[in-house]
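1. I would like to see how this sequence folds:
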Amino acid sequence: MLTDTTRVWVQKALTAGERVEDVVRLRGGWTSQMRRLDIAGPAGRRSLVLRSFVKPFFVRHAEGLLNREADVLTLLADTAVPAAELVAVDATARHCDHPSLLMSLLPGTVRMDDEGADERAGLLAGQLAGVHRVPVTGAARPRRYQAWTSAERVTPPVDTRRPELWRHAVDVIRRDPPEYRGVFLHRDFHPGNVLFSDEAGESPRISGVVDWVETSWGPADLDVAHCSTALALLHGVPAGMRFADRYTAAGGTLAEDGRAHLHWRLLDALAFAPDAEKVAVPWRELGRTDLTAGVLADRLETYVAALLERYG
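-> Numbers count the residues shown, from 1 in each chain. Predicted coordinates:
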């Protein structure tokens, strides 16, 4: 449902004669409440998406997050990246009950299942390389990336049988960040933020990339790291370990120094410790009920070990 104040704000963004006919909650959101608004009017029917921050932490940071997404959607309108079209934004909740952003509805669905995951991973790698090629200059450049953990904040699993593994991994990110060539980062690129269109009898294709509130400027390795961690947790460690190779095969460029690449991979993976439970909630809502806390904790630890073995 929409409250009266939010409905009035949405109505002002519609064209003459249009009205909101239905409101449908969209599944899978963790940071925000996502609703599809079905619109009817003289020109026919269409749908929009309303993102609203309702959790206290995200409400406090909403002004920066939503204004950043609004700027990015405007920037991407002239690129090949399949992003939504900005309709309106109320980042400080002057007109809505909660800080909100209104945008077009992209076609397709999120695919989190294991079936076809290998083919989709190749598409993800190509799309991410395309994101990193977006030309950004001057004032349009987004903020510098922010690390989502640090050596002091990592919480290893309480019942781990490999404490030395976690100490080694933490020591890697304790060092100063490596130098890097900055690119345009999505910063939260993973299967849950990519829409796929599966037409009958045709191969899947990416029809949309969503959730641009964390867009940043930083090393391509960090975006690759985040998607790799997600793939390892969703589909198993080998899937996460293969993604960087898929990315470079798609034309992307990563750090030549394996130790530098390891830093970015572990900086992302350790942010999910001790058990990656926070991502499991929306993933289970999308059907992955097999991803219990125990399964995710085991995959995360095995993934960290695989990174250290390959790049350490």
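2. center of the protein, which residue is that?
-> D188 (3.0 Å; CA atoms, centre = their mean).
3. I figured that one hits V209, correct?
-> No: checked against CB atoms under 8 Å, the pair D188 and V209 is beyond contact range at 10.2 Å. Any C-beta I mention is one placed from the backbone N, CA and C, and that applies to glycine too.
4. Give the intersection of the neighbour lists for these two.
-> With CB atoms under 8 Å, 6 or more residues apart in numbering applied, the contact sets of D188 and V209 do not overlap.
5. Run through the stretch 51-200 of the chain and note the low-pLDDT ranges.
-> 200 (pLDDT under 70).
6. One more: the stretch 201-312 of the chain?
-> Using pLDDT under 70, the stretch 201-312 of the chain drops low at 201.
7. What residue spans form the domains of this protein?
-> Annotated domains of the chain cover 4-104, 109-311 [the TED database].
8. can you give me the end-to-end distance of the first one?
-> Distances were taken as CA to CA, to the nearest Å; on that basis the terminal residues of domain 4-104 are 21 Å apart.
9. same check, this time on the longest one
-> The distance separating the two terminal residues of domain 109-311, taken as CA to CA, comes to 35 Å.
10. how far is it from where the chain is centred?
-> Chain-centre distance of domain 109-311: 9 Å, with CA atoms, centre = their mean, to the nearest Å.
11. Over to stretch 15-23?
-> Averaging C-alpha positions (CA atoms, centre = their mean) puts stretch 15-23 30 Å from its chain's average.
12. outside of that stretch, which residues touch it?
-> Contacts of stretch 15-23 (CB under 8 Å, 6+ apart): 1-2, 7, 10-11, 14, 35-43, 45.
13. redo that, cut-off 6 Å
-> Contact partners of stretch 15-23, identified using CB atoms under 6 Å, 6 or more residues apart in numbering, comprise M1, L2, R35, L37, D38, I39, A40, G41, P42.
14. hey, what's the fourth one bridged with?
-> Judged by DSSP bridges, the bridge partners of L37 are V23, L48.
15. Mind jotting down where the strands sit in the stretch 1-150 of the chain?
-> Under the criterion DSSP state E, counting those that start in this stretch, strands of the stretch 1-150 of the chain are mapped to 19-25, 33-41, 44-52, 86-90, 100-104.
16. Please work out the average pLDDT along the first one.
-> The average pLDDT for strand 19-25 rounds to 96.
17. now the angle from it to strand 44-52?
-> Angle, strand 19-25 to strand 44-52, by axes from the mean of the first three to the mean of the last three CA atoms, to 10 degrees: 50 degrees.
18. Just want the angle from strand 19-25 to strand 33-41.
-> Using the same axes, to 10 degrees: strand 19-25 against strand 33-41 is 150 degrees.
19. How about strand 19-25, which residues are buried there?
-> V20 (16 or more other CB atoms under 10 Å).
20. Now do it: distance to the chain's middle.
-> 25 Å.
21. contact partners of stretch 111-127?
-> Counting by CB under 6 Å, 6+ apart, P191, F196, I206, H235, R246, Y247, A250, L286, R288 sit against stretch 111-127.
22. From those, which land in helices?
-> Using DSSP state H, H235, R246, Y247 are the members of those that sit in helices.
23. Could you point out which of these is nearest to L300?
-> Each of the ones in helices among the contacts of stretch 111-127 was checked against L300 using CB to CB; the closest is H235, at 13.4 Å.
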